Structures are given as C-alpha cells and as structure tokens.
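S.K.: Provide a 3D model corresponding to the input given below.
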Amino acid sequence: MKTILWATLTANGNYAQSSPEHPPKMEALGDFAAQVKAAGNFIVGRRTFEGMQASGGNPFGEVDIVVVSQSVKDIPGVKVVASPQEALGYLQEKGHTTTLLSGGADLHNAFLGQGLIDEVIFNVAPVMEGKGLNLLLDQDHYQYRDVQLLDCKPLGGGVIQLRYALG
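M.R.: Numbering: from 1, shown residues only. Below is the predicted model of the structure:
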C-alpha cells in the first residue's frame, strides 16, 4: 500500500500548531480535503482526531477514517487500531491501495521509524513559531537519506507544497 505522510510545517521547519487564535491556513485545509477525497481514507492519531471533532465534526463524508490509539478502543464512526501495521492492514482489507497519513507528530514518527512511508507532502505555511514539534527520525535508520522531489507548487495564501518520494 502506498502511504503518503501529509503535514503542514512552519517556515522555520516546525509542525504548525493550530489553535483558535492561530487557525490552520485554509489553503492547506483545502488541499488536505482534496487528498482525502482522492485516497478515500486517512489515518490519524487520537489527539488530532479529537481536535478535528472539536472544530466541527467530520467534513469528509464517506471516507474510511482510522484512528491509531493505545488508550482509546472505540470511537463511533471510525475504526480504532493500536498500531501503524494494523491501520494499513485494515485499509488494505477494505480494498484501498493508497492511504493518507494525517497528524500528529508521534504518529508520523512511528510510521517513519518503521519505514512505512512512501511519500511525504509538506505544506510550508508563511508563519514562524518559536516552539513546536518536529520529525524525529531514528538515527540508525535515517542517518542520511536522499529523497526525490516529485512536485513543488504554491497553494495560495503564501503556502507552498513540497512533495517528495522516499527512496
């Protein structure tokens, strides 16, 4: 299964931390919705999913949503699993060939650390943040790794999207 990690970063490389005072850029959200529609599914961590619910529920319609959580076993309307492998297995059983991996940083690091990511999409937002979360790559697995730039395009509003294939 092709697994695409999707994230919005600040101009200084941190994960963009949204809040009511600093909402996510609409251009990035629009791209995420388009990517979800194309894949027909997405995988997300529990805290990120709860944040999505708090800001208005599920705007994605009839897509398969998989929440990876060690602490919660059941969330109405979505599939809850305990591991990245279980998430991918479930979506493969449902007939999906591509999945979009959404937030958060811990989940991204878990997938990357296990070598489960084929592509990354980074949306670079025109903001700087003094603190934030980062991708923490396993130093034994990722000491240095070339990636291939697949696409680079502006999304509008100062947001630039970079898409890379991991080799």
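S.K.: contacts and neighbour counts: CA atoms only from here.
M.R.: Will do.
S.K.: Where does pLDDT dip in this protein?
M.R.: The chain contains residues with pLDDT under 70 at 54-60, 130-144.
S.K.: What lies in contact with the helix ranked longest in the chain?
M.R.: For the chain, the longest helix by residue count, based on DSSP state H, is helix 26-39. Identification of contacts with helix 26-39 by Cα atoms under 8 Å, 6 or more residues apart in numbering yields 6, 8, 42, 60, 63, 96, 98-100, 123, 155-157, 159.
S.K.: Spatially, what comes nearest to the spatially most central residue of the chain if we skip its sequence neighbours?
M.R.: The residue lying closest to the centre of the chain (Cα atoms, centre = their mean) is S102, at 2.1 Å. Distances taken as Cα to Cα, 6 or more residues apart in numbering put V44 closest to S102, at 5.0 Å, once the chain neighbours are dropped.
S.K.: Isn't that neighbour up against D64?
M.R.: No: contact criterion Cα atoms under 8 Å: V44 and D64 do not qualify, at 11.0 Å.
S.K.: Check the offset of stretch 149-159 from the chain's centre.
M.R.: Put simply, stretch 149-159 sits 17 Å off its chain's centre (Cα atoms, centre = their mean, to the nearest Å).
S.K.: What are the buried residues along that stretch?
M.R.: Residues of stretch 149-159 classed as buried: L155, V159 (neighbour count, 16 or more other Cα atoms under 10 Å).
S.K.: for the chain, what spans make up the strands?
M.R.: For the chain, applying DSSP state E gives strands covering 2-10, 41-45, 64-68, 79-81, 98-101, 119-125, 147-156, 159-166.
S.K.: Name the residues of the first one that come out as buried.
M.R.: Taking 16+ other Cα under 10 Å as the neighbour-count basis, strand 2-10 is seen to contain the buried residues T3, I4, L5, W6, A7, T8, L9, T10.
S.K.: and which of these is nearest to K25?
M.R.: Of all the buried residues of strand 2-10, K25 sits closest to T8, with 9.1 Å by Cα to Cα.
S.K.: Which residue comes closest to the closest one once chain neighbours are left out?
M.R.: T8 sits nearest to N123 (Cα to Cα, 6+ apart), 4.5 Å away.
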